[in-house]
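Engineer: Below is the sequence, then the predicted model.
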Amino acid sequence: MMTAPSAPKDNGSTVDHLTADLTGRRVHFVGIGGCGMSGLARMAKQHGAVCTGSDLAASDITNALLADGIDVALQQTADTLPADCELIVASAAIKPEHPELAEARRRNIPMLKYAKMLGELMRQRCGVAIAGTHGKSTTTSILSYILLQADLDPSFIVGANCAQLGGGARTGKAGDDGVLIAEACEYDRSFHNFNPRHAVILNVEADHLDMYSSLDEIVEAFAVFARKVPSASDGGSLLINHEMSERLTITAGLDCKIETLGFAYQADWRVGIKAGNVRLHHKDKIIADWHNPLPGEHMAYNAAAAAITAHRLGAPWPAITAAIESFQGLDRRMQVIGSKADVRIIDDYGHHPTEVDTTLRALRQHYQPNRLICVFQPHQHSRTRFLMQQFAASFSEADIVIVPDIYFVRDSDQERHAVTAADLVDRLRKQNVQAMHLYPFDAIVEQLDITARPGDLVVTMGAGDVWKVAHDFLAAPTPS
C-alpha cells in the first residue's frame, strides 16, 4: 500500500540556523496570496531574506507583493521552486502532496509551516499573541488599530480584513522594540510554535473536536501555549479570562505576570457596561471609559483586552479610548451589508454555538428588530455533530432560522455522512424554533424575498461562503 507523503516538517538545527539570521536567505512562500502569508513574506524581507512565492491566481495582494519587489509565480508546479531556494514556508492550507513540497523533499530543502515561521519572527521582536476560542480577530484588529493611532508603528497579522488597518497585515518597526501582533489559533496546536512576550487568552471552549478528543485536551493545549510566555523578570505577561473555570489549570506553575479580565468584581481588570458605555476598572480604580462602537458585551470585553494590552505596550489611555470609539469593525463581524425595503442585512462569521448565541443576543438588543431572521450555515460536519445539542440551544433569539447544507471542510467522507443540516433543523424545531433546510443559496434568497418584512433584520452566519446570500439578497430586485 502506498504511504501518503508526510506534512511539512522543520529540519531541527538546520531550520534554526536558517531563521536565526535571514539576511541573504532565499525563502519561498507557497500560497503567498493569503493575507497572513503575504505579511509573513514582507516581514522576512524586512529581516533581509530574498523572498519569492507562488499562488494560483493574481489578486490585489499578489500585485502589491510584486510592486514591493517580491516575485510571485502564478502557477504551482515543481518547476516553480527557485533553483537557489534554501527554505520553504507553506500555508496551513497546502497539502503534503503539493508539487512544490514534493520537489522540496526531493531536493532536501527544509520546510516550515506558516505558524512556525511566524513564531521564529516573534523571537526577533516584541511578540504579542491573542488566543481564545472566540474573538481573536476582533481583539487583534482593535489592538493593532490602537497602536497605529498611537503612532507606535506595529507589525501585525490578522485573520480577517479590516479596512481601517489597510487589510489584514502590516510590517512596522523591526527589532526588539518593534511589536509583532498575531492571532494564536489552537487548531493543529499551531500556537505552540509562537514565542510571545505578551499573551492574551480570551476564553476556552470545546471546539475543533475533529482534532482534540475532549475539552481537557484543549485546556492542556492552552496551558502549553501559556508556558511559552517568558517570566515576569524577562518582561512576560499573560492576560486571561477571569470567569472561565479552566483559568487556574492553565496558569498553574507560570512565572510570568498574570492578570485577569472579566465582568466579575474579583477580576484584576473589570469591565462594566451601561447603555452602551464601557467603564474599565483596575482593582478599585476607574482607568478608562468609552462608548462601545460595536454592539454586545463580547465586543466590550474584546476592546478591553485590546486596551489593556495596548497600554502595556506603551499607548497612553486617552489615545486608547479615542481609537476604540473610532473603530469601525472588520469584515464578517456583525458587518452591516445594507438595507432593502426597510430590512436590515448583516453578515457575521460566527460558527460556534457560543458565537451564535452571543451575536444574536447583541443584534436583538442593539437593533430591536420586529423579527430576527438568521441564515446559518454550519461549518464542518464534525463540529455540527459534536456540538449539536449546544447548537440547538443557541438560536433562542431568532424568530426564523434557515439552514443551508453544511459547509464541507477537512472532515472525512464518513463524517460527512454522519450528520446533515436537516438533523440540526429537526433539533431546532423540537426547541420550538421556526426552522427550515433550504439549498441552494438561490432558493434561500427567494425565500427571504417572500418572508422578510419591513422592520426585520436578516443575518447570515457561518465560516463558509454563506456571506453570498446576504449580498445576493441585497442585490435582488424587491418583489412588487
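Structural biologist: Cool, got the structure.

Engineer: Contact partners for the residue nearest to residue 165 when sequence neighbours are not counted?
Structural biologist: Once flanking residues are discounted, residue 165 sits nearest to residue 144: 5.7 Å by Cβ to Cβ, 6 or more residues apart in numbering. Every C-beta, even on glycine, is put in place using the N, C-alpha and C of the backbone. Counting by Cβ atoms under 8 Å, 6 or more residues apart in numbering, residue 144 touches 154, 156, 158, 162, 165, 170, 181.

Engineer: If you rank those residues by neighbours, which is first?
Structural biologist: Within the contacts of residue 144, most neighbours by other Cβ atoms under 10 Å means residue 181, with 31 neighbours.

Engineer: Helix, strand, or coil at that residue?
Structural biologist: Counting by DSSP: H, G, I helix; E, B strand; the rest coil, the backbone at residue 181 sits in strand.

Engineer: what's it in contact with, if anything?
Structural biologist: 128, 130, 140, 143-144, 147, 154-157.

Engineer: Quick one: buried ones out of the residues you listed?
Structural biologist: By neighbour count, with 16 or more other Cβ atoms under 10 Å, those hold 128, 130, 140, 143-144, 147, 154-157 as buried.

Engineer: can you put those in CSV and add distance to residue 346?
Structural biologist: Compiled in CSV, the buried ones among the contacts of residue 181 are given as follows (distance: Cβ to Cβ, whole Å):
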residue, distance to residue 346
128, 30
130, 24
140, 22
143, 24
144, 24
147, 28
154, 29
155, 31
156, 26
157, 26
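
Engineer: Which of those residues fall within helices?
Structural biologist: 140, 143-144, 147 (DSSP state H).

Engineer: now, among those residues, which is nearest to residue 43?
Structural biologist: Closest approach to residue 43 among those (Cβ to Cβ): residue 144, at 14.1 Å.

Engineer: in stretch 347-365, what's buried?
Structural biologist: 347-364.

Engineer: May I have it exported as CSV, CA atoms only?
Structural biologist: Taking C-alpha atoms only, stretch 347-365 is exported to CSV below (Å, rounded to 0.1, in the frame of the first residue of the first chain):
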residue,chain,number,x,y,z
ASP,A,347,-23.2,39.3,7.9
ASP,A,348,-21.2,37.5,10.6
TYR,A,349,-18.5,34.9,10.9
GLY,A,350,-20.0,33.1,13.9
HIS,A,351,-19.9,29.3,13.6
HIS,A,352,-19.7,28.1,17.2
PRO,A,353,-22.8,27.8,19.5
THR,A,354,-21.5,30.5,21.9
GLU,A,355,-20.8,32.8,19.0
VAL,A,356,-24.2,32.3,17.5
ASP,A,357,-26.0,32.9,20.9
THR,A,358,-23.9,35.9,21.8
THR,A,359,-24.2,37.5,18.4
LEU,A,360,-28.0,37.0,18.1
ARG,A,361,-28.5,38.5,21.5
ALA,A,362,-26.3,41.5,20.7
LEU,A,363,-28.2,42.1,17.4
ARG,A,364,-31.6,41.8,19.1
GLN,A,365,-30.7,44.2,21.9
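
Engineer: Off-centre distance for that stretch?
Structural biologist: Remark: stretch 347-365 is offset 15 Å from the chain centroid, using Cα atoms, centre = their mean, to the nearest Å.

Engineer: mind checking pLDDT for the residue lying closest to residue 55 once chain neighbours are set aside?
Structural biologist: Once flanking residues are discounted, residue 55 sits nearest to residue 33: 3.5 Å by Cβ to Cβ, 6+ apart. Residue 33 carries a pLDDT value of 87.

Engineer: Residue 33: what's it in contact with?
Structural biologist: Neighbours of residue 33 in contact, by Cβ under 8 Å, 6+ apart: 53, 55-57, 59, 61-62, 72.

Engineer: And for residue 177?
Structural biologist: Listed by Cβ under 8 Å, 6+ apart, the contact partners of residue 177 are residue 126.

Engineer: what's the pLDDT at it?
Structural biologist: Each residue has a pLDDT score; the one for residue 177 is 85.

Engineer: Please apply the same query to residue 365.
Structural biologist: 84.

Engineer: What is the subsequent helix or strand relative to the helix or strand containing it?
Structural biologist: Counting by DSSP states H and E, the element that carries residue 365 is helix 353-367. Next in sequence after helix 353-367, counting helices and strands by DSSP H and E, comes strand 372-376.

Engineer: hey, where'd the helices end up in the stretch 151-300 of the chain?
Structural biologist: For the stretch 151-300 of the chain, helices defined by DSSP state H, counting those that start in this stretch occupy the ranges 215-226, 247-251, 297-312.

Engineer: want to throw these into CSV with mean pLDDT?
Structural biologist: Shown next, in CSV, are these (pLDDT from 0 to 100):
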stretch, mean pLDDT
helix 215-226, 93
helix 247-251, 95
helix 297-312, 94
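
Engineer: Let me know which of the ones you listed is tucked in deepest.
Structural biologist: For the helices of the stretch 151-300 of the chain, the largest average neighbour count (mean count of other Cβ atoms under 10 Å) is found in helix 297-312, namely a mean of 25.

Engineer: next SSE after that helix?
Structural biologist: Using DSSP H and E, the next helix or strand after helix 297-312 towards the C-terminus is helix 317-326.

Engineer: Could you give the separation of that following helix from the chain centroid?
Structural biologist: 23 Å.

Engineer: how far off helix 297-312 does that helix point, in degrees?
Structural biologist: For helix 317-326 against helix 297-312, the angle by axes from the mean of the first three to the mean of the last three Cα atoms, to 10 degrees is 150 degrees.

Engineer: For helix 317-326, name the packing helices and strands.
Structural biologist: Other elements packing on helix 317-326 under the criterion 3 or more Cβ pairs under 8 Å, 6 or more residues apart in numbering; DSSP states H and E are helix 136-149, strand 285-291, helix 297-312.
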